[in-house]
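**Q** Sequence first, then the predicted structure, then my questions.
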Amino acid sequence: MHLFGIDLAERPALIAEIGVNHEGDVDKAVELLRLAAKAGADAVKFQSYTPDRFIGAADPDRLARVTRFGLDEAAHLRLKAEAQQHGVAFFSSAISEDWVPFLAQHCAAIKIASGDVDFEPVIRASAATGLPVILSTGTATLEEVQAAVSWVISEMGLQAASARLALLHCVSAYPTPLAPAHLLAISTLKAAFPDITIGYSNHVMGPEAPIAAVALGAQIVEVHFTDQKEGRAFRDHSLSCDAEDLAYLARILPGVAAARGDGVKRPQPCEEGVGPAIRKGLVAAKDLSVGHVIADGDILFARPATEFPASCYHDVLGKTVTEAVAKGHSLRRTAVSG
């Protein structure tokens with residue numbers, strides 16, 4: 001999959017999830033975008049919604065907060081322009097489906113939040129745009145993920161989904177303790193959806209989970225991003241990366257991905273010539289004269305492995321010495337009959 005101009009087979013994409021950490025201040029959103037770009041993010045992500053299609057009237061306090069934190073279309077356009085200027089991709093989560101047409105015109109991709117993994121209208125609408133769709137899977141069972149993927153495929157087709165759909169393993173606890181990050185689910189998703197790109201959306205504090213996720217094969221890493229983790233009332237700041245954290249991930253994750261290799265167990269090019277030097281070969285335990293029949297006590301094992309590696313031990317027992325071999329010296333093919 002190519003995403004944000006990156007071949008994900010070469011290195012993972014790093015997304016700075018600014019989300020609503022701007023708390024409704026578009027100038028703060030711009031500042032966070034610039035910080036994320038400078039730190040090495042490949043993309044910055046926000047959240048797009050109509051408040052009363054996000055939170056119902058039964059939760060007035062939360063409705064008031066998301067209303068205060070929301071960004072209008074003009075703010076989105078300003079952020080898009082800033083992202084272009086600073087060389088990062090701009091995209092957003094379609095929290096309510098009425099935002100999909102606008103995002104389709106102005107974003108590099110559309111994100112489906114974990115809370116909408118079973119929200120068929122927004123998934124189908126996003127899949128029909130022709131943009132890449134990145135679907136988080138927090139709180140979901142494998143069966144629920146399969147249903148969501150089927151909606152995407154029904155809109156764009158399997159071939160397009162292999163090029164434009166990504167699934168992010170996620171645990172929707174804020175913050176998520178390290179152990180319940182359940183990172184082996186990345187392998188489960190890779191096995192269940194072999195043609196789909198798999199990544200990781202992080203809510204664990206610290207770098208361990210994103211690094212381990214990439215080692216397990218995640219090709220996208222999304223982390224929350226802020227300029228100040230401490231002393232902020234809104235919860236998401238404390239579990240976010242700051243610029244230093246993000247820069248560390250941007251620096252280290254490509255190397256982690258490269259270290260995965262292709263999974264085939266075989267000697268690596270950098271090991272050329274090393275094997276014989278570190279493996280043991282057959283050496284004479286005593287002087288062996290011509291005509292001597294090699295018995296069990298005549299052979300010792302020592303580095304390097306030359307013409308007879310240690311695995312050939314049983315092959316030389318009972319063979320006749322045809323060239324004298326001094327004690328401690330390696331057996332040569334010409335020194336043994338047969």
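**A** Received the coordinates, thanks. Residues are numbered from 1 along each chain as shown.

**Q** what about Val221, which SS state?
**A** Secondary structure assignment for Val221 (DSSP: H, G, I helix; E, B strand; the rest coil): strand.

**Q** residue contacts, the residue positioned nearest the centre of the chain?
**A** Centroid-nearest residue in the chain, with C-alpha atoms, centre = their mean: Ala218, separated by 2.1 Å. The contact partners of Ala218, taken as C-beta atoms under 8 Å, 6 or more residues apart in numbering, are Pro12, His169, Ile186, Ile198, Gly199, Tyr200, Pro210. To be clear about C-beta, it is placed using only N, CA and C from the backbone, and glycine gets the same treatment.

**Q** and the gap between the last one and Lys319?
**A** This points to Pro210. As judged by C-beta to C-beta, to the nearest Å, Pro210 and Lys319 stand 58 Å apart.

**Q** which residues are in contact with the longest helix along the chain?
**A** With secondary structure taken from DSSP state H, the chain has its longest helix at helix 243-259. By C-beta under 8 Å, 6+ apart, the residues outside helix 243-259 that reach it are 11-12, 14, 16, 35-36, 38-41, 207, 210-211, 214-215, 219, 221, 223, 225, 227, 241.

**Q** measure Pro205 to Asp42 for me?
**A** You called it Pro, but residue 205 is Met. Computed as C-beta to C-beta, the Met205 to Asp42 distance reads 22 Å.

**Q** Which one's more surrounded, those two?
**A** Using other C-beta atoms under 10 Å, the more surrounded residue of Met205 and Asp42 is Asp42, with 23 against 18.

**Q** Could I get the pLDDT score of that one?
**A** With respect to pLDDT, Asp42 has a value of 98.

**Q** Show me which of Pro210 and Lys319 is the more surrounded one.
**A** A direct count of neighbours by other C-beta under 10 Å for Pro210 and Lys319 places Pro210 higher, at 28 against 15.

**Q** List the contacts of the more buried one.
**A** So Pro210 contacts Tyr200, Asn202, Val204, Ala218, Val221, Val223, Leu249, Leu253 (C-beta under 8 Å, 6+ apart).

**Q** Spell out the secondary structure type for it.
**A** Using three-state DSSP, the secondary structure recorded for Pro210 is helix.

**Q** Likewise for Ala166?
**A** strand.

**Q** Okay, and the beta partners of it?
**A** According to DSSP bridges, the residues that bridge with Ala166 are Ile134, Thr197.

**Q** could you dump stretch 275-294 to CSV, C-alpha only?
**A** Coordinates of each C-alpha in stretch 275-294 appear next as CSV, following Å, rounded to 0.1, in the frame of the first residue of the first chain:
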residue,chain,number,x,y,z
GLY,A,275,29.7,-20.0,9.4
PRO,A,276,32.9,-21.9,9.0
ALA,A,277,34.7,-19.6,11.3
ILE,A,278,32.3,-20.1,14.2
ARG,A,279,31.3,-23.7,13.6
LYS,A,280,33.4,-26.7,14.7
GLY,A,281,35.1,-29.2,12.4
LEU,A,282,36.7,-32.6,12.8
VAL,A,283,40.3,-32.6,14.0
ALA,A,284,42.6,-35.5,14.9
ALA,A,285,42.6,-36.3,18.6
LYS,A,286,46.1,-37.9,18.1
ASP,A,287,48.5,-38.5,15.3
LEU,A,288,46.7,-40.6,12.6
SER,A,289,48.9,-42.6,10.4
VAL,A,290,48.2,-43.9,6.9
GLY,A,291,46.1,-47.1,7.0
HIS,A,292,44.6,-46.3,10.4
VAL,A,293,40.9,-47.0,10.6
ILE,A,294,39.2,-44.1,12.3
